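Peer 1: predicted model and sequence follow; I will ask about them next.
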Amino acid sequence: MKTLIVAEHDNQTLKAATLNAVAAAQQLGDDIDILVVGSGCQAAADAAAAVPGVASVVLADNAAYENQLAENVSLAVADVAAGYDAVLAAATANGKNVMPRVAALLDVAQISDITAVIDADTFERPIYAGNVIATVKSSDAKKVITVRTTAFDAVPAEGGSASVQAVDGAHDAGVSSFIGEEVAVSDRPELTSASVVISGGRGMQNGDNFSMLEGIADKLNAAIGASRAAVDAGFVPNDYQVGQTGKIVAPDLYIAVGISGAIQHLAGMKDSKVIVAINKDEDAPIFQVADYGLVADLFAALPELEAAL
Amino acid sequence: MKVLVAVKRVVDYNVKVRAKADGLDVELNNVKMAINPFCEIAVEEAVRLKEAGTASEVVVASIGDKSCQEQIRTALALGADRGIHVEAEGRPEPLEVAKLLKGVIGSESPDLIILGKQSIDGDNNQTGQMLAALTGMGQGTFASEVNVGEGTVQVTREIDGGLQTVELKLPAVVTTDLRLNEPRYASLPNIMKAKKKPLDTVSPADLGVDVQSHVTLMGVKPPAERSAGIKVESVEQLVDKLKNEAKVIS
């Protein structure tokens, strides 16, 4: 089984999600290469080469790949994929954008968001917003897979010394161009990789009240998240959303504040090691998954919590 | 400009889906079905483009057995002009749906194709991207804003950490995220009118597609249960537990 991992990176650094994808690939076999498609991305390729257990790094470096436009990147991936039995990527926004396009170019199905590898053809993945876990078996000779990162513990980032091989050729489909990006700049850790996450729900009542979470987040070096209800109500931006259709997180500590616990939200955080729920409704479903539940008015509890930390 | 919207019939989002006792599939008998929420957003966006004078016609397509005509009628009641039902048995996989939609595009030649980013049953998040690949079109996935220009469309996309804007040549594929718009409710007069709107049925063979299966569902099971922990009485006790029992803070 020869497996290719499509790296998640920003041309300079390798994103941690790649390390989770490598962990999933290791369950398919030992022959693992990483493909880095980007522009001026030698540093990311070097970082990929340092991942233990990686045989070689394939580098497709061209201006056409600078902003990860799916139309161009998918052509590069499909090209390199010819020599592999399986192509994996983390199920990040980028992986979800590019990989189905790769699968269609290869005329195979994609197995999305796997949470377990049963054997080389069989995988588990959550469906129906996480209400059930499906076991699916692929009959395609070549697999295209995206990996739910929280289901696989990341491999170490350092210790390996793979070779880096550059491939020639530029694929520019010529149908899309990058206009711009607004990425929130924050001193806090990234939501999907933070070891502590504190999220607010509809119970926060408005966006201003989210500042009550900030002091606690600062003390715990936590990322701030939100339920879909809070995002839909306009309290916080879209990229705060934790849930089946938002971000999937699994920190060491997850603090849910004023979140009732809809299945959609639980699907995005229930693999957290320790869950704390603060809610004034003692019947809220969030308490059914919380290790520690505090039935309290969040407006009283949050300042107290901040002071106690 | 002609807009094609694809919609899927799925279990209503309020239904809590469970595995059947035999564990082979989920229980779908006698559950309420509805138009996939992301597809509803796609219909709304297309109808708004028509109301703004940007689109001249909104065609809605659905793939499945006869029952999915119900969801096409819903889309027609929301303002789409006519429907195309691609009659297919079973549950066609995303790649096959993409091939069938490519066939529809071949006969309809739309300038813009709008789909939901994922269906809330399979949660695959694939069809739009696959359709774009098969037709060689640009894709604006997870859209939170769509602006049609001269021969192009600018799509603002929800990405990890923020928003990204891309420009695509038309024809192009757009997939909707939750915050693109808030779909309207169909009014009773519009529901009545929708019954008279044209709805054609075609077969996969008409579209030149031989529907294949690549993935077999071996079984389903409930997710691992997380047992409820304890209720603490105070913030003080909570902090003590986190420090000394769970040892997740210092």
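Peer 2: Sure, I can see it. Residues are numbered from 1 along each chain as shown, chains lettered A, B, ... in the order given.

Peer 1: could I get the full set of helices for the stretch 201-309 of chain A?
Peer 2: With DSSP state H, counting those that start in this stretch as the criterion, the stretch 201-309 of chain A has helices at A:211-220, A:228-232, A:263-269, A:298-308.

Peer 1: tell me which of those is the most buried.
Peer 2: Across the helices of the stretch 201-309 of chain A, averaging neighbours per residue (mean count of other CB atoms under 10 Å in any protein chain shown) puts helix A:263-269 on top, at a mean of 24. Placement of C-beta: from N, CA and C, glycine included.

Peer 1: now for that helix, which elements pack on it?
Peer 2: If contacts are counted by 3 or more CB pairs under 8 Å, 6 or more residues apart in numbering or on different chains; DSSP states H and E, helix A:263-269 sits against no helix or strand.

Peer 1: what's in contact with that helix?
Peer 2: Residues from elsewhere that reach helix A:263-269 (CB atoms under 8 Å, 6 or more residues apart in numbering or on different chains): A:126, A:129-131, A:197, A:199, A:201, A:225, A:227-228, A:242-250, A:254, A:256, A:259, A:275, A:285-286, A:289, B:16, B:223.

Peer 1: follow-up on the earlier one: between the helices of the stretch 201-309 of chain A, which gets nearest to B:Leu134?
Peer 2: Among those, helix A:263-269 comes nearest to B:Leu134, with 30.1 Å by CB to CB.

Peer 1: distance from that closest one to the middle of the chain?
Peer 2: Its chain's average C-alpha position is 14 Å from that of helix A:263-269, according to CA atoms, centre = their mean, to the nearest Å.

Peer 1: just stretch B:70-85 next, same as before
Peer 2: Its chain's average C-alpha position is 15 Å from that of stretch B:70-85, according to CA atoms, centre = their mean.

Peer 1: pull out the buried members of the contacts of helix A:263-269.
Peer 2: Buried by 16 or more other CB atoms under 10 Å in any protein chain shown: A:126, A:129-131, A:197, A:199, A:201, A:225, A:227-228, A:242-250, A:254, A:256, A:259, A:275, A:285-286, A:289, B:223, out of these.

Peer 1: follow-up on the earlier one: let me have the helices of the stretch 201-309 of chain A in TSV, adding mean pLDDT as columns.
Peer 2: Formatted as TSV, the helices of the stretch 201-309 of chain A follow (pLDDT from 0 to 100):
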stretch	mean pLDDT
helix A:211-220	95
helix A:228-232	92
helix A:263-269	90
helix A:298-308	96
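
Peer 1: phi, psi for the residue nearest to B:Lys221 when sequence neighbours are not counted please.
Peer 2: Using CB to CB, 6 or more residues apart in numbering or on different chains and skipping residues adjacent in sequence, the residue nearest B:Lys221 is A:Ile133, 5.4 Å away. Backbone geometry at A:Ile133, expressed as degrees, to the nearest 10, gives phi -110, psi 120.

Peer 1: can you check B:Phe38 too?
Peer 2: With angles defined as degrees, to the nearest 10, B:Phe38 sits at phi -70, psi -30.

Peer 1: per-residue confidence for it?
Peer 2: pLDDT, the model's per-residue confidence, is 97 for B:Phe38.

Peer 1: what's the neighbour count on it?
Peer 2: 25 (other CB atoms under 10 Å in any protein chain shown).

Peer 1: now it: closest residue in space that isn't a chain neighbour?
Peer 2: Excluding its sequence neighbours, the residue lying closest to B:Phe38 (CB to CB, 6+ apart) is B:Gly116, at 2.6 Å.

Peer 1: what's near enough to touch the one you found?
Peer 2: B:7-8, B:36-42, B:128, B:175-176.

Peer 1: B:Leu207: which of the helices of the stretch 201-309 of chain A is closest?
Peer 2: Nearest of these to B:Leu207, taken as CB to CB: helix A:263-269 at 34.5 Å.

Peer 1: could you export that closest one as CSV, CA atoms only?
Peer 2: Output in CSV follows, covering the C-alpha atoms of helix A:263-269 (Å, rounded to 0.1, in the frame of the first residue of the first chain):
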residue,chain,number,x,y,z
ILE,A,263,-26.3,17.1,18.5
GLN,A,264,-24.8,19.3,15.8
HIS,A,265,-22.6,21.0,18.4
LEU,A,266,-21.8,17.8,20.3
ALA,A,267,-20.5,16.2,17.1
GLY,A,268,-17.9,18.9,17.0
MET,A,269,-16.5,18.7,20.5
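
Peer 1: now the helices for chain B?
Peer 2: For chain B, the helices defined by DSSP state H cover B:37-51, B:69-77, B:94-108, B:127-135, B:188-194, B:235-244.

Peer 1: any idea of the angle the last one forms with helix A:211-220?
Peer 2: Orientation check (axes from the mean of the first three to the mean of the last three CA atoms, to 10 degrees): helix B:235-244 against helix A:211-220 gives 30 degrees.

Peer 1: and helix B:235-244, what other elements does it pack with?
Peer 2: So helix B:235-244, by 3+ CB pairs under 8 Å, 6+ apart, packs with strand A:274-279, strand A:292-295, helix A:298-308, strand B:230-232.

Peer 1: quick one: mean pLDDT for the second one?
Peer 2: What it means is strand A:292-295. Strand A:292-295 shows a mean pLDDT of 96.

Peer 1: quick one: it to chain centroid distance?
Peer 2: For strand A:292-295, the distance to the chain centre is 28 Å (CA atoms, centre = their mean).

Peer 1: close to chain B, is it?
Peer 2: Yes - against chain B, strand A:292-295 shows contacts by CB under 8 Å from any CB of the partner chain at A:292-295.

Peer 1: what of the first one?
Peer 2: Yes - applying CB under 8 Å from any CB, one finds strand A:274-279 touching chain B at A:274-276.

Peer 1: can you lay out the residues you listed as JSON lines showing distance to B:Ala21?
Peer 2: Output for the residues of strand A:274-279 next to chain B, formatted as JSON lines (distance: CB to CB, whole Å):
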{"residue": "A:Val274", "distance to B:Ala21": "34"}
{"residue": "A:Ile275", "distance to B:Ala21": "30"}
{"residue": "A:Val276", "distance to B:Ala21": "35"}
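
Peer 1: so A:Glu241 sits against A:Arg228, correct?
Peer 2: No Glu there; residue A:241 is Gln. Yes - with contact defined as CB atoms under 8 Å, A:Gln241 reaches A:Arg228; the gap is 5.6 Å.

Peer 1: how much space separates B:Ser67 from B:Ser213?
Peer 2: In this view, B:Ser67 and B:Ser213 are 20 Å apart by CB to CB, to the nearest Å.
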